[in-house]
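S.K.: Build me a model from this:
(one chain, ligands or ions: 2)
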Amino acid sequence: MQSRYRRFSLIGDLGGIQSAVGEMRGLGYPKQPRLDKSCRARSGGPVFQEEWFEKTLREEIAAHPENTMEFPFYGERVFEEPLVGFVRGDDPIFQRFKRIIGPHHFTPAEIMAWQAGNNGVPAPAPEDISVVSVVMPVTPRTRRENAMQTDWPSERWAQTRLHGEIFSQTMVREVVAFLMDRGVLAVSPDVTPLFRKKRYPRVGWASPWSHRHVAYAAGLGTFGMQDFLITERGCAHRLASFVVNLRLQPNRQRPEDIHAYCLEYQGIPCLQCARRCPVGAIDAVTAHDKERCYQKVARSIRYCNRHYHIFIYSCGLCSTGVPCESGIPAPLRKQAGRGNPTSRAT
Ligand code: SF4
Ligand code: SF4
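M.R.: Ligands and ions are numbered 1, 2, ... in the order given. Model prediction:
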């Protein structure tokens, strides 16, 4: 972590440049971990059940040295305690995503078949696969700071976008490597060469693996007018997810209504997110204009460089200073519930 501002941040923030290139082009990631096939018959060691994932991810976020900001906030945590959810690989929602997002969006079985091929083992059946989804809430201090902004992201928010993304990829890669080392096939789709963002005719800018849609599938939240996922910890967060060759039990009930936690969609006038957007990329009719948003966010690289000395694009104004920032808005809270799912949106 930096102990002072960079002098030439446009070319000096190598971590930021590498992260941006990886995110857009799927380049520059470390090699995939190898599956230890000899481990499959071994006994002893951790039992990889739902509790293990919840505890491990909580501990990682509490203690990982990379979950920290750099100068001038050196030592501050980037994320708070996470929410963790699970969705089964044969959940019909993944076929629905192919229809809604597009055929380019991987099913868990497709991405797992790629990892199985890398390791010379048969591809697991969809029912033997699960996806682990993680919501990492932004700290209250960062949220408050960004809520004061009117045009560009605050410095803590920009650092959260940069270091939070690097941290979440590192953390997931470490968990995936740990599992592979113990004979459990696993993959984090967004740190593979297959992960490339592109403009698609139907959905605009999109990637072949959407952490947001996976988190919805796991019952962790629903979509707001600004397209962020509104969770019981709000919509100011980063998301991560990875696929494992294990049968994990979903731990949350997924609302059938994909907008169940957004006031405006539920007929309670709000549109605070639209008022927060400096370029009018959200309105009551079209909701979120991704292209207009993208143009604004892309311009923030220059601002973040000049003022914060890091190479990153970010904004998030519409997820702070709004009723869904840190939780499900009060009138809609009763609809959210933890527990075994009894119904499924398909
Ligand atoms: S600010 Fe209001 S309208 Fe916008 S996503 Fe949140 S609840 Fe929905
Ligand atoms: S993230 Fe996009 S939609 Fe939200 S405030 Fe920024 S430009 Fe507007």
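S.K.: just the strands in the stretch 151-300 of the chain please.
M.R.: 186-187, 198-200, 204-206, 221-223, 229-231, 237-244, 282-283, 287-288 (DSSP state E, counting those that start in this stretch).
S.K.: now do the stretch 1-150 of the chain
M.R.: 83-88, 130-137.
S.K.: Of those strands, which stretch is the most buried?
M.R.: Counting by mean count of other C-beta atoms under 10 Å, strand 130-137 has the highest mean neighbour count of those, with a mean of 26. (C-beta placed from N, C-alpha, C; glycine too.)
S.K.: Next to ligand 1, which bits of the stretch 201-346 of the chain? Give me the list.
M.R.: By C-beta under 6 Å from any ligand atom, the residues of the stretch 201-346 of the chain that approach ligand 1 are 224-226, 262-264, 270-273, 322-324, 329.
S.K.: Need the nearest residue in space to the closest residue to ligand 1 within the stretch 151-300 of the chain, chain neighbours excluded.
M.R.: Nearest residue of the stretch 151-300 of the chain to ligand 1 (C-beta to the nearest ligand atom) works out as residue 224 at 2.7 Å. Leaving aside its chain neighbours, residue 224 sits nearest to residue 262 (4.4 Å; criterion: C-beta to C-beta, 6 or more residues apart in numbering).
S.K.: Then residue 300?
M.R.: Closest to residue 300 by C-beta to C-beta, 6+ apart is residue 313, at 4.9 Å.
S.K.: what about that neighbour, how many neighbours?
M.R.: 22 (other C-beta atoms under 10 Å).
S.K.: Next, it: secondary structure please.
M.R.: Judged by DSSP: H, G, I helix; E, B strand; the rest coil, the three-state class of residue 313 is coil.
S.K.: coming back round to it: pull up the gap between the residue nearest to residue 224 and residue 323, please.
M.R.: 9 Å (C-beta to C-beta, to the nearest Å).
S.K.: wait, doesn't residue 48 sit right on residue 245?
M.R.: No - applying C-beta atoms under 8 Å, one finds residue 48 not in contact with residue 245, separated by 9.8 Å.
S.K.: and for these two, which residues touch both?
M.R.: residue 184 (C-beta atoms under 8 Å, 6 or more residues apart in numbering).
S.K.: neighbour count winner among the two?
M.R.: When residue 48 and residue 245 are compared for neighbours, residue 245 comes out ahead with 25 against 18, by other C-beta under 10 Å.
S.K.: Spit out the contact partners of the spatially closest residue to that one that is not a sequence neighbour.
M.R.: Setting aside the residues directly before and after it, residue 245 is nearest to residue 185 in space (C-beta to C-beta, 6+ apart), at 3.9 Å. For residue 185, the contact set (C-beta under 8 Å, 6+ apart) comprises 35, 112, 115, 116, 119, 121, 124, 179, 244, 245.
S.K.: Then residue 152?
M.R.: Taking C-beta under 8 Å, 6+ apart as the test, what residue 152 contacts is 300, 303, 304, 307, 315.
S.K.: got these as JSON lines, with neighbour count and pLDDT columns?
M.R.: Listed next are these as JSON lines, based on neighbours: other C-beta atoms under 10 Å; pLDDT from 0 to 100:
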{"residue": "300", "neighbour count": "19", "pLDDT": "96"}
{"residue": "303", "neighbour count": "16", "pLDDT": "96"}
{"residue": "304", "neighbour count": "25", "pLDDT": "95"}
{"residue": "307", "neighbour count": "14", "pLDDT": "95"}
{"residue": "315", "neighbour count": "26", "pLDDT": "97"}
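S.K.: which of the residues you listed come close to ligand 2?
M.R.: residue 315.
S.K.: Next step: the contacts of residue 152 restricted to helices.
M.R.: Those of those mapping onto helices are 300, 303, 304, 307, per DSSP state H.
S.K.: now the closest residue to residue 52 other than its chain neighbours: how far from ligand 1?
M.R.: Spatial nearest neighbour of residue 52, chain neighbours left out: residue 46 (5.5 Å); criterion: C-beta to C-beta, 6+ apart. Between residue 46 and ligand 1 the distance is 39 Å, computed by C-beta to the nearest ligand atom, to the nearest Å.
S.K.: again, but for residue 64
M.R.: From residue 64 to ligand 1 the distance is 30 Å (C-beta to the nearest ligand atom).
S.K.: mind listing what that residue touches?
M.R.: By C-beta under 8 Å, 6+ apart, the neighbours of residue 64 are 167, 170, 171.
S.K.: pLDDT and neighbour count for those residues - can I get that in CSV?
M.R.: Converted to CSV, those look like this (pLDDT from 0 to 100; neighbours: other C-beta atoms under 10 Å):
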residue, pLDDT, neighbour count
167, 96, 24
170, 93, 17
171, 96, 24
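S.K.: Run a quick neighbour tally on whichever residue of the stretch 51-200 of the chain sits closest to ligand 2.
M.R.: Using C-beta to the nearest ligand atom, residue 153 is the residue of the stretch 51-200 of the chain that sits closest to ligand 2, at 8.2 Å. Residues near residue 153, counting by other C-beta under 10 Å, number 27.
S.K.: distance between the ends of stretch 82-91?
M.R.: For stretch 82-91, the first-to-last residue distance is 23 Å (C-alpha to C-alpha, to the nearest Å).
S.K.: cool, stretch 257-264 as well?
M.R.: Termini of stretch 257-264 sit 13 Å apart (C-alpha to C-alpha).
S.K.: Thanks a lot, catch you later.
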